[in-house]
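**Student:** When you get a sec, could you give me coordinates for this:
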Amino acid sequence: MTIKYENECLYFGDINIAELGKDHNTPFYLYSENLILQNLDRYLNQLKTIDSLICYSVKSNSNLSILSIFAKKGCGFDIVSGGELQRVILAKGNTNKVVFSGVGKTNEEIKFALESKILCFNVESFGELNRINQVASDLSTTANVSIRVNPEIDAKTHPYITTGLSENKFGVAQDDVLEIFLQAKKLSNIKITGIDYHIGSQITEIQPFTDAATKVSSVIAELRKNNILLNHVDIGGGLGINYSENVTVDCKPLVDSVVKIFENSNLKIIIEPGRSLVGNTGIIVTKVIDVKRNTNGKKFLIVDAGMNDLIRPPLYNAFHNIKEARIINRKKEKFDVVGPICETADFLGKDRDLATDSNELLVIEDVGAYGFVLASNYNSRPKIPEYIISSGLVKCIRARELFDDMIADEKKYL
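**Tutor:** Numbers count the residues shown, from 1 in each chain. The predicted structure is shown next:
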């Protein structure tokens, strides 16, 4: 456990949160570099005997310092925008290990990616394939492509983060896969390098992964019959974490089952983990502003972090553990933990048993993925800072946004 109580104080790694809160204004994000590296090592150990590449999913947490951790370990990156590619470059990531996913790639982004010599595009449609070919032709170059197949697998996750069903916007339907590969083969500025699939996010059961791999394996066999030979299979990401117990779901069963399915294909395996690498490596530290008790018995802890800082609870009805930074002599009560945003949806946790008071600190766990990256300036609230524990020290990796920073561009037009 990286979050534990010692002498009635909560520690994250070796850092006493209550003491840290005395010198750092709340709210703020805090990550652990050691935890990130431990999670990465689990994948590296499972994949070390096969031809493989880990492409960290940049969208899960795109802070440059965190991208730099993965770049230094030789990882590739899964991106979904030109902006994410720019981040990878700034973090000194190897663009030859970048795969470009997503349904809305613009011609400008395609051009930038080709000039950056990325590993390949994960193609989502016939139209996108033709646009990539045209942009590559204009640049007198060849684009490496991997076709993203929609395997029609129910990942049994939240409907907003499932991606492998026909009702989702992602990928090419299985019935159209052979046709798009045959079309790609005819295009003069396209080189087919692989096949890609991704069935969703926060998946905690292995069966959907094995079902999808089995389906895609049969597609690969059909492609071979049509003399379409691939270099790699990209199995996507999506492995979840256990938000209620602050542990990462073991990647071993996933890797073992998928490797077994593709072991006779002689293809490089690309995997795109995000949440399972960084999800359990971050916390938010927030202060209780007020304790409110309604006449109907409903109780609220009003804190200084809001849905603009962490939108997962109202957006996905996501659960995050919430702990007191220190144990005080007070009986636990059942509270809704809510923020200052002027929305009823502004909550971080409901019906939580907590013993705390005004000016005490609370810790929201497992916010390393899809936390800060989804933050906004709603209610004209500046974005909060990010810190990381590295070599035993707490280092700032993004300063607290100031009001003037937030409106700098707007002032030009007054």
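
**Student:** contacts, neighbours, all on C-alpha from now
**Tutor:** Fine.

**Student:** For burial, what's the neighbour tally of Lys48?
**Tutor:** Neighbour count of Lys48, defined by other C-alpha atoms under 10 Å: 10.

**Student:** what do you get for Met406?
**Tutor:** 15.

**Student:** Then the one 5 residues further on?
**Tutor:** Using other C-alpha under 10 Å, the number of residues around Lys411 comes to 9.

**Student:** Likewise for Leu315?
**Tutor:** Around Leu315 there are 12 other residues, counting by other C-alpha under 10 Å.

**Student:** following the one helix or strand it maps to, which helix or strand comes up?
**Tutor:** For Leu315, the host element (DSSP states H and E) is helix 312-316. Once helix 312-316 ends, the next helix or strand along the chain (criterion: DSSP H and E) is strand 322-324.

**Student:** Does anything pack onto that following strand? Which helices or strands?
**Tutor:** When contacts are defined as 3 or more C-alpha pairs under 8 Å, 6 or more residues apart in numbering; DSSP states H and E, strand 322-324 packs onto strand 347-354, strand 361-364.

**Student:** Now do it: everything it contacts.
**Tutor:** Strand 322-324 is contacted by residues Leu10, Gly349, Arg352, Leu354, Ala355, Thr356, Glu360, Leu361, Leu362, Val363, Ile364, Glu365 when judged by C-alpha atoms under 8 Å, 6 or more residues apart in numbering.

**Student:** and the last one, what does it touch?
**Tutor:** Contacts here follow C-alpha under 8 Å, 6+ apart; on that basis Glu365 touches Tyr243, Asn246, Asn280, Gly282, Ile283, Ile284, His320, Asn321, Ile322.

**Student:** now those residues as TSV including neighbour count?
**Tutor:** Shown next, in TSV, are the contacts of Glu365 (neighbours: other C-alpha atoms under 10 Å):
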residue	neighbour count
Tyr243	19
Asn246	18
Asn280	26
Gly282	26
Ile283	26
Ile284	25
His320	22
Asn321	17
Ile322	21
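
**Student:** Quick check: the gap between Thr142 and Ser116.
**Tutor:** For Thr142, the distance to Ser116 equals 13 Å [C-alpha to C-alpha, to the nearest Å].

**Student:** where exactly do the helices run in the stretch 251-400 of the chain?
**Tutor:** 252-262, 275-278, 312-316 (DSSP state H, counting those that start in this stretch).

**Student:** weakest of the ones you listed in terms of mean pLDDT?
**Tutor:** Lowest mean pLDDT of the helices of the stretch 251-400 of the chain: helix 252-262, a mean of 86.

**Student:** picking that back up, which of the helices and strands packed on strand 322-324 sits closest to Asn107?
**Tutor:** Within the helices and strands packed on strand 322-324, the stretch nearest Asn107 is strand 347-354; the backing value is 39.1 Å (C-alpha to C-alpha).

**Student:** Show me what counts as buried in the closest one.
**Tutor:** Phe347, Leu348, Gly349, Lys350, Arg352, Leu354 (16 or more other C-alpha atoms under 10 Å).

**Student:** Closest to Asn227 out of the residues you listed?
**Tutor:** Leu348 (53.2 Å).

**Student:** What's the separation between that closest one and Leu354?
**Tutor:** 13 Å.

**Student:** Same check on Glu84?
**Tutor:** On the measure of C-alpha to C-alpha, Glu84 and Leu354 end up 39 Å apart.

**Student:** Likewise for Ile190?
**Tutor:** Distance, Ile190 to Leu354, using C-alpha to C-alpha: 58 Å.

**Student:** any idea where the strands of the stretch 301-414 of the chain begin and end?
**Tutor:** 322-324, 333-338, 347-354, 361-364, 386-390, 393-398 (DSSP state E, counting those that start in this stretch).

**Student:** Let me have those in TSV, extended by distance to Lys111.
**Tutor:** What follows is the strands of the stretch 301-414 of the chain, written out as TSV (distance: least, C-alpha to C-alpha, whole Å):
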stretch	distance to Lys111
strand 322-324	45
strand 333-338	44
strand 347-354	41
strand 361-364	41
strand 386-390	32
strand 393-398	30
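
**Student:** how about the ones you listed in JSON lines, adding distance to Val172 and mean pLDDT?
**Tutor:** JSON lines is the format used below for the strands of the stretch 301-414 of the chain (distance: least, C-alpha to C-alpha, whole Å; pLDDT from 0 to 100):
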{"stretch": "strand 322-324", "distance to Val172": "41", "mean pLDDT": "98"}
{"stretch": "strand 333-338", "distance to Val172": "41", "mean pLDDT": "97"}
{"stretch": "strand 347-354", "distance to Val172": "37", "mean pLDDT": "97"}
{"stretch": "strand 361-364", "distance to Val172": "38", "mean pLDDT": "98"}
{"stretch": "strand 386-390", "distance to Val172": "38", "mean pLDDT": "98"}
{"stretch": "strand 393-398", "distance to Val172": "38", "mean pLDDT": "98"}
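
**Student:** quick one: which of those strands is nearest Phe121?
**Tutor:** strand 393-398 (30.2 Å).

**Student:** can you list the domains in the protein?
**Tutor:** The chain is divided into the following domains under automatic domain parsing: 3-31+280-411, 33-276.

**Student:** Quick check, central residue of the protein?
**Tutor:** Against the mean C-alpha coordinate of the chain, by C-alpha atoms, centre = their mean, the closest residue is Ser60 at 1.9 Å.

**Student:** Double-check that one against Phe372; I have them as touching.
**Tutor:** No - look at Ser60 against Phe372 with C-alpha atoms under 8 Å: they stay out of range, at 9.1 Å.

**Student:** buried stuff in stretch 43-58?
**Tutor:** Tyr43, Leu44, Leu47, Ser52, Leu53, Ile54, Cys55, Tyr56, Ser57, Val58.

**Student:** Distance across it, terminal residue to terminal residue?
**Tutor:** Per C-alpha to C-alpha, the first residue of stretch 43-58 is 17 Å away from its last.

**Student:** Please apply the same query to stretch 347-363.
**Tutor:** Start-to-end span of stretch 347-363 (C-alpha to C-alpha) is 14 Å.
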